[in-house]
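Trainee: here are the coordinates; sequence isn't available:
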């Protein structure tokens with residue numbers, strides 16, 4: 001908490017015994033509590049509005065280390081010791097010197113989604129920040145973050161301390177792979193060969209989880225239940241050939257596979273900064289046309305339709321589980337339209353004025369995605385997902401999640417959940 005260069009009327013009080021700090025200003029007040037845990041110091045900052053307007057607040061938590069010689073931002077080593085970046089899958093800032101190290105971790109959902117990480121070599125200063133937080137009138141919000149001071153200087157010692165603290169060290173029961181989307185139970189020679197490859201792969205590797213790489217519209221958006229017929233035949237045939245196999249039906253909750261959806265799901269459209277609909281590029285989905293992106297929520301029409309996909313997979317498809325592609329978001333991370341997530345804005349970094357609003361698609365869709373997770377678990381089905389947990393809430397649900405690692409380095413994003421990097425093309429059954 002800064003007592004100098006502070007807003008007008010900013011008054012800071014530090015408790016001598018209770019590890020509490022309070023501050024009050026013109027527009028909001030802050031209550032800070034500090035807890036000493038086994039491997040870190042956890043800080044909770046509760047901001048309470050005293051204004052009648054939405055207030056944009058820039059939050060920065062940082063410290064200096066004069067002898068810092070090693071820096072990791074979002075898992076990446078930074079040889080220049082200077083960087084600003086953001087990766088919600090692996091959101092810490094870590095730096096080390098001759099005598100030890102410090103790591104910063106944003107923990108609560110909003111801080112983690114908003115967080116930016118930084119270290120500057122000229123000032124030997126680093127930490128975490130939120131440059132887009134909005135506090136609504138009459139409300140409070142608690143930022144939760146932690147600092148990991150240690151005599152150890154290795155980045156992976158820090159990673160392991162974070163994993164212990166956040167409770168993500170759980171057993172991954174099986175390896176998994178993908179079945180080619182052209183694999184079918186037919187007399188077609190190519191389909192038959194793909195089936196033989198899949199079964200041979202299972203026998204040779206011991207892998208028992210097989211995710212069906214079907215299309216984006218495998219089941220619905222138009223209640224087209226007949227699309228279940230071919231996958232169900234495939235799943236039944238694989239289990240008949242090898243009863244130990246577990247099959248997973250493909251699922252995607254943000255994409256609509258229609259060339260021109262018109263006004264369908266108009267209340268659920270994902271909008272870009274220019275006011276136009278966000279799209280998934282044709283080059284990335286094997287189509288001759290781009291696919292439109294939508295945001296499922298508990299209140300909108302796309303959320304209701306996408307929930308039916310889950311019902312069809314669980315009740316009609318005959319799969320043992322769900323393979324959920326791009327589980328947290330798809331394409332752009334932000335939506336520039338209604339509804340608003342209630343926390344995210346565009347703040348001028350020079351004047352500190354709140355200029356506009358936007359929404360994190362992760363935050364907007366999370367209540368809906370949590371409900372679907374719980375629906376899958378209640379049905380006794382398995383789950384595998386593409387992308388790592390990107391909030392504290394989602395990290396509390398334990399199942400295998402992977403990173404697309406075609407670029408080779410993106411596996412670093414998996415350090416704080418299930419460290420699975422998938423992308424070696426030789427292992428796709430194609």
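Mentor: Nice, I can see it. Bear in mind that the values here come from a model prediction, so they are computed numbers and not experimental data. Numbers count the residues shown, from 1 in each chain.
Trainee: Shouldn't residue 261 be within a strand?
Mentor: No. Using DSSP: H, G, I helix; E, B strand; the rest coil, the assignment for residue 261 is coil, not a strand.
Trainee: SS state for the residue lying closest to it once chain neighbours are set aside?
Mentor: Distances taken as Cβ to Cβ, 6 or more residues apart in numbering put residue 292 closest to residue 261, at 5.6 Å, once the chain neighbours are dropped. (Each C-beta comes from the backbone N, C-alpha and C, glycine too.) Here residue 292 is recorded as strand under three-state DSSP.
Trainee: And for the one 4 residues further on?
Mentor: Going by three-state DSSP, the secondary structure assigned to residue 296 is coil.
Trainee: what's the answer for residue 204, then?
Mentor: Under three-state DSSP, residue 204 comes out as helix.
Trainee: Quick one: neighbours of it, just the number.
Mentor: 8 (other Cβ atoms under 10 Å).
Trainee: Kindly report the same for the one 3 residues further on.
Mentor: Residue neighbour count, defined by other Cβ under 10 Å, stands at 16 for residue 207.
Trainee: my read: it touches residue 175, true?
Mentor: Yes. Applying Cβ atoms under 8 Å as the test, residue 207 and residue 175 come out as touching, 4.4 Å apart.
Trainee: Listing partners with orientation, what would you give for the helix or strand harbouring residue 71?
Mentor: Here residue 71 is covered by strand 70-73, with elements defined by DSSP states H and E. Under the criterion DSSP bridges, strand 70-73 sits next to strand 76-77 (antiparallel), strand 93-96 (antiparallel) in its sheet.
Trainee: So what does the residue located most distally from the centre of the chain look like in phi/psi?
Mentor: In the chain, the residue that sits farthest from the middle, by Cα atoms, centre = their mean, is residue 187; the gap is 41.3 Å. According to degrees, to the nearest 10, the main-chain angles of residue 187 amount to phi -90, psi 0.
Trainee: Quick one: residues in contact with stretch 323-330.
Mentor: 88, 211-212, 248-255, 280, 293, 361-362, 365, 369, 383-387, 389-390, 394, 401 (Cβ atoms under 8 Å, 6 or more residues apart in numbering).
Trainee: Apply 6 Å and report the result again.
Mentor: Identification of contacts with stretch 323-330 by Cβ atoms under 6 Å, 6 or more residues apart in numbering yields 211, 248, 250-252, 254, 293, 361-362, 384-387, 390.
Trainee: Among the residues you listed, which ones are in strands?
Mentor: 211, 248, 250-251, 293, 384-386 (DSSP state E).
Trainee: Please convert these to JSON lines, extending it with pLDDT, distance to residue 200 and neighbour count.
Mentor: Shown next, in JSON lines, are the ones in strands among the contacts of stretch 323-330 (pLDDT from 0 to 100; distance: Cβ to Cβ, whole Å; neighbours: other Cβ atoms under 10 Å):
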{"residue": "211", "pLDDT": "83", "distance to residue 200": "17", "neighbour count": "23"}
{"residue": "248", "pLDDT": "90", "distance to residue 200": "19", "neighbour count": "26"}
{"residue": "250", "pLDDT": "86", "distance to residue 200": "22", "neighbour count": "24"}
{"residue": "251", "pLDDT": "90", "distance to residue 200": "27", "neighbour count": "29"}
{"residue": "293", "pLDDT": "93", "distance to residue 200": "37", "neighbour count": "23"}
{"residue": "384", "pLDDT": "95", "distance to residue 200": "21", "neighbour count": "25"}
{"residue": "385", "pLDDT": "95", "distance to residue 200": "26", "neighbour count": "23"}
{"residue": "386", "pLDDT": "93", "distance to residue 200": "25", "neighbour count": "18"}
